[in-house]
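**Q** can't give you the sequence, but here's the structure:
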C-alpha cells in the first residue's frame with residue numbers, strides 16, 4: 001500500500017503559481033470576450049470573474065487536494081453552463097496539477113476519487129470548448145490518468161525513502177547498543193584487573209610493613225617506610241590510570257596524579273617566573289598524601305594573592321608538630337578571595353593562616369599540624 005505524503009502548508013511557491021494561473025486564466029477569458037473565435041458568439045464579461053472558480057483552487061492543491069480538485073470540477077461545470085468559450089489552455093494544466101496532487105498525497109481510495117473528479121472536469125470542458133471537441137478527449141483522458149500515475153509513483157518513492165530512513169535509524173541504534181555492550185564488557189574486564197591489582201599491591205605492602213616492623217635499626221625502618229610510601233603512590237597512579245579508562249567520556253574529574261610538595265618548584269616557576277625562590281628548612285620527611293596535597297593547594301592559593309613580579313619567595317619548614325608554609329611577595333589589590341580559599345583548605349586539617357604587610361610586601365604564613373613521624 002502506498003502511504004500518502006504528509007499534509008503540507010501553503011507556501012510562497014503555491015501563492016506564486018496560483019497568481020500565474022489566475023493571471024493567465026483571466027487574460028484568456030478577456031481574450032474570449034474581446035476577440036472570440038469564428039462561429040462563437042461573444043460571451044458576457046461575467047465569465048472573467050467566473051473563471052476564478054477554476055483557477056483559484058490551485059492554491060490549496062497540496063493542503064486539501066481532494067477538495068481543491070472537486071472545486072475545480074465544479075468551477076468547470078459552472079463555466080460550461082454560463083457560456084461557450086476557449087478554456088482548454090488553462091483547464092488542462094490545472095486538472096493535471098490537481099490529479100498529480102491527489103495521486104501523490106492521498107490514500108488510494110481518495111486518490112481514485114480525485115482522479116475521477118479530474119476526468120469529469122476534462123470531459124465537461126470538451127462539451128462547449130471553442131477549440132477542443134469531445135472526440136479529442138480520449139487522448140487527454142489517457143494523459144490525465146498518466147499524470148495521476150506519476151503522482152502515485154512519487155508517493156511510492158517517498159514511502160521507500162521513509163522506510164530506508166527508519167531502517168538506517170534502527171541500524172544506527174543497533175550499532176550504538178553494540179558499542180555500549182562492548183564498553184560494558186571492557187569495563188568489566190578492567191574492574192577485574194583493578195581488583196587483582198589492589199590485592200597484589202596490598203599484599204606487597206603488607207610484606208614490606210612486616211619487614212619494617214621487625215627491624216631494630218631506625219635507618220632501615222625509615223628506608224622501609226619510604227619504600228612503602230613510594231609503592232603506595234605507584235599503586236594510586238596505576239589505579240587512577242585504570243579508573244580513568246573506566247570513566248564516562250563526558251566526565252571532567254582529573255585522573256592525573258595529585259600534586260605533592262615535590263611539585264612546588266615547578267608550580268612556583270610556572271606561576272611567578274624563574275626569579276622566584278623556594279627554600280626548604282628543617283628535616284624533610286614523608287607526609288600523608290592528604291597533607292601534601294593540601295599544602296600544595298595552599299601555596300597555590302597564596303601565590304594567586306600576589307602580583308606576578310619575580311621577587312616571590314616560598315619557604316617550606318618541617319618541624320616536629322607542623323608544616324609551615326611562608327609565602328612572601330607583592331600583594332594584589334584584590335587578594336581576599338585567594339586568601340579565603342587558602343583558609344578553607346587549612347581548616348580541613350585544623351590549620352590556620354596569618355598575614356602581614358610591611359614595606360609594600362605581603363607575608364602569609366600557613367601552619368598545617370602534622371603528627372610526629374609523619
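**A** The structure has been received and is ready for your questions. Keep in mind that this is a model prediction, so the values were computed, not measured. Numbering: from 1, shown residues only.

**Q** From now on I want contacts and neighbour counts done on CA atoms only, so please keep to that.
**A** Fine.

**Q** Name the residues that touch stretch 333-348?
**A** Applying Cα atoms under 8 Å, 6 or more residues apart in numbering, the external contacts of stretch 333-348 come out as 294, 297-299, 301-302, 304-306, 352-353, 366-368.

**Q** in it, what's buried?
**A** Buried residues in stretch 333-348, defined by neighbour count with 16 or more other Cα atoms under 10 Å: 335, 338-339, 341-343, 345-346.

**Q** and which of these is nearest to residue 156?
**A** Of all the buried residues of stretch 333-348, the one with the least separation from residue 156 (Cα to Cα) is residue 341, at 68.0 Å.

**Q** pLDDT (mean, whole number) over the host helix or strand of that closest one?
**A** Under the assignment given by DSSP states H and E, the secondary-structure element containing residue 341 is helix 336-347. The average pLDDT within helix 336-347 is 88.

**Q** Which strand residues bridge residue 318?
**A** Per DSSP bridges, the residues bridged to residue 318 are residue 282, residue 323.

**Q** which residues touch it?
**A** Under the criterion of Cα under 8 Å, 6+ apart, the contact partners of residue 318 comprise 280-285, 324.

**Q** Please, a PyMOL command that selects the buried ones among those?
**A** Paste this into PyMOL to select the buried members of the contacts of residue 318, with burial taken from 16+ other Cα under 10 Å:
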select buried, resi 324
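
**Q** could I get the contacts of residue 318 as JSON lines with pLDDT and distance to residue 165?
**A** Supplementary listing: the contacts of residue 318 in JSON lines, determined by pLDDT from 0 to 100; distance: Cα to Cα, whole Å:
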{"residue": "280", "pLDDT": "91", "distance to residue 165": "68"}
{"residue": "281", "pLDDT": "91", "distance to residue 165": "71"}
{"residue": "282", "pLDDT": "88", "distance to residue 165": "73"}
{"residue": "283", "pLDDT": "86", "distance to residue 165": "72"}
{"residue": "284", "pLDDT": "85", "distance to residue 165": "68"}
{"residue": "285", "pLDDT": "83", "distance to residue 165": "66"}
{"residue": "324", "pLDDT": "93", "distance to residue 165": "67"}
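
**Q** Pretty sure residue 274 sits in a helix.
**A** No: Residue 274: not assigned to a helix; according to DSSP: H, G, I helix; E, B strand; the rest coil it is coil.

**Q** So it versus residue 26, what's the distance?
**A** Using Cα to Cα, to the nearest Å, one obtains 89 Å as the distance from residue 274 to residue 26.

**Q** who's more crowded, these two?
**A** Comparing residue 274 with residue 26 by neighbour count (other Cα atoms under 10 Å), the higher total belongs to residue 26, at 20 against 14.

**Q** State whether the more buried one is indeed within a strand.
**A** No: going by three-state DSSP, the assignment for residue 26 is helix, not a strand.

**Q** Next one: it relative to residue 32, how far apart?
**A** Using Cα to Cα, we find residue 26 at a distance of 10 Å from residue 32.

**Q** Same question for residue 17.
**A** 23 Å.

**Q** Tell me which helix or strand in the chain has the weakest average pLDDT.
**A** In the chain, the helix or strand scored least confidently by mean pLDDT, DSSP states H and E is helix 218-246, which has a mean of 64.

**Q** Neighbours of the closest residue to residue 276 other than its chain neighbours, how many?
**A** Once its chain neighbours are removed from consideration, residue 276 has its nearest residue in residue 312; the separation is 4.8 Å (Cα to Cα, 6 or more residues apart in numbering). Using other Cα under 10 Å, residue 312 is surrounded by 25 other residues.

**Q** What of residue 56?
**A** Residues contacting residue 56 under the criterion other Cα under 10 Å number 21.

**Q** List the residues that contact it.
**A** Each residue near residue 56 by Cα under 8 Å, 6+ apart is listed here: 18, 21-22.

**Q** Nearest to residue 262 among those?
**A** Of the contacts of residue 56, the one sitting nearest to residue 262 (Cα to Cα) turns out to be residue 18, at 81.2 Å.

**Q** pretty sure the closest one is touching residue 55, no?
**A** Yes: Residue 18 is within contact range of residue 55, at 7.1 Å (criterion: Cα atoms under 8 Å).

**Q** out of these two, which sits in the more crowded spot?
**A** Relative neighbour count places residue 55 above the other of residue 18 and residue 55, with 26 against 20, counting by other Cα under 10 Å.

**Q** could you dump the buried residues of stretch 333-348 to CSV with distance to residue 9?
**A** Formatted as CSV, those follow (distance: Cα to Cα, whole Å):
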residue, distance to residue 9
335, 62
338, 60
339, 64
341, 60
342, 64
343, 65
345, 63
346, 67
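
**Q** Spell out the residue ranges of the helices in the protein.
**A** 12-34, 47-50, 52-55, 65-82, 88-105, 108-127, 137-213, 218-246, 264-272, 289-304, 336-347 (DSSP state H).

**Q** domains for the protein, by residue range?
**A** Annotated domains of the chain cover 12-132, 181-246, 261-369 [automatic domain parsing].

**Q** what sits against the residue lying closest to residue 150 once chain neighbours are set aside?
**A** Nearest non-adjacent residue to residue 150, counting by Cα to Cα, 6+ apart: residue 100, 7.0 Å away. By Cα under 8 Å, 6+ apart, the residues touching residue 100 are 147-152.

**Q** if we go to 10 Å?
**A** 61-62, 65, 111, 114-115, 118, 144-152, 154 (Cα atoms under 10 Å, 6 or more residues apart in numbering).

**Q** Look up how far residue 144 lies from it.
**A** As for residue 100, its distance to residue 144 is 9 Å (criterion: Cα to Cα).
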